[in-house]
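> need a structure here:
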Amino acid sequence: MRSVYFVLMLGFITIFAACGGSTSSTSNSAGPVVKEGVAPVADNEVAVIEMENSSAFGTMTIELYSNIAPQAVARFKELAKEGFYDGVTFHRVNDTVIQGGDPNSKDNDPSNDGQGKSNKPNVPAEFSDIEYNSGIVGAARSTDPNSANSQFFITLKREPQFDRRYTVFGKVIDGMTNARIISGVKPKEGERPVDNVKIKTIRIEAKK
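You can find the predicted model right below:
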């Protein structure tokens, strides 16, 4: 299992479901609670992803939903402010998602990309009934619903198999064209760009 903290429907096994609102249990009574019926409310701060090769990949601006996934948003903001994301890559890109946030992607060993995380505790699932449409930002994880940590992904189109199985904590409100440019980068080894698609920094800024 490599950097695939979430698994695509195309030939892979789909795992759990997305983020939060008012609470109701999932179909599996032992599984994580799914918040239902709560509309996302954007924080007064946004996250701006600035790419190292800005002329090619530009920036992406993400609104964040603390009312849906407070712990995931807090962790993302915390890591961004600490500079944790400076220099990580989008190590997994395809026509469904772009995924990044792994500190292992900073080293010279591509085989460990997707397996890393911060030194902070994992973040528990904050699933909701928000649909995974284009631009939704989700918390990547392993098969354990409560294993989200530092990695995140951006969906490029409607992906119903992710609904109620991965924590939604934001949405790209500017720069989706850049996300799609990143998704089409070639050449790739599997889903990993051969030439690193590197994040220069993620800034947390007041919403304008």
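> Only C-alpha atoms from now on, for both contacts and neighbour counts.
Will do.
> What's the biggest helix in this structure, counting residues?
Using DSSP state H to define each element, the chain has its longest helix at helix 70-82.
> I would like the residues contacting that one, please.
The contact list for helix 70-82 (Cα atoms under 8 Å, 6 or more residues apart in numbering) reads 47, 64-66, 85, 123-124, 126, 139, 149-150, 167, 169, 201-204.
> Buried subset of those as a ChimeraX selection?
In ChimeraX, a selection of the buried entries from those looks like this (16 or more other Cα atoms under 10 Å):
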select :47,64,65,66,85,123,124,126,139,149,150,167,169,201,202,203,204
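> Among the contacts of helix 70-82, which lie within strands?
Assignment to strands by DSSP state E places the following of these there: 47, 64, 139, 169, 201-204.
> List just the nearest of those residues to residue 106.
Closest to residue 106 out of the ones in strands among the contacts of helix 70-82 is residue 201 (13.0 Å), distances taken as Cα to Cα.
> my guess is the closest one meets residue 60, correct?
No: look at residue 201 against residue 60 with Cα atoms under 8 Å: they stay out of range, at 11.1 Å.
> which residues are in contact with both of those two?
Here residue 201 and residue 60 have 49-50 as joint contacts, going by Cα under 8 Å, 6+ apart.
> before we move on, the earlier item: what is the subsequent helix or strand relative to the longest helix of the chain?
strand 90-93 (DSSP states H and E).
> who touches that following strand?
3-4, 98-102, 105, 113-114, 182-185, 191-193, 196-199.
> Just the buried subset of those, please.
For the contacts of strand 90-93, buried by 16+ other Cα under 10 Å: 3-4, 98-102, 105, 113-114, 182-183, 185, 191-193, 196-199.
> In helices only, show me the residues you listed.
Checking these against DSSP H, those in helices are 182-183.
> Could you list which of the buried ones among the contacts of strand 90-93 belong to strands?
Per DSSP E, the buried ones among the contacts of strand 90-93 map to strands at 98-100, 192-193, 199.
> tell me the two of these that are most distant?
Most distant of these, by Cα to Cα, are 192 and 199, 14.5 Å apart.
> okay, now the closest residue to residue 148 other than its chain neighbours: neighbour count?
Leaving aside its chain neighbours, residue 148 sits nearest to residue 141 (4.5 Å; criterion: Cα to Cα, 6 or more residues apart in numbering). If you count neighbours by other Cα atoms under 10 Å, residue 141 ends up with 28.
> lowest-confidence helix or strand of the protein?
strand 22-25 (a mean of 34; mean pLDDT, DSSP states H and E).
> Give me the neighbour count for residue 189.
Number of residues near residue 189 (other Cα under 10 Å) recorded here: 11.
> Local confidence estimate at it?
Model confidence at residue 189, expressed as pLDDT, equals 94.
> Is it bridged to anything, and to what?
Counting by DSSP bridges, residue 189 is bridged to residue 192.
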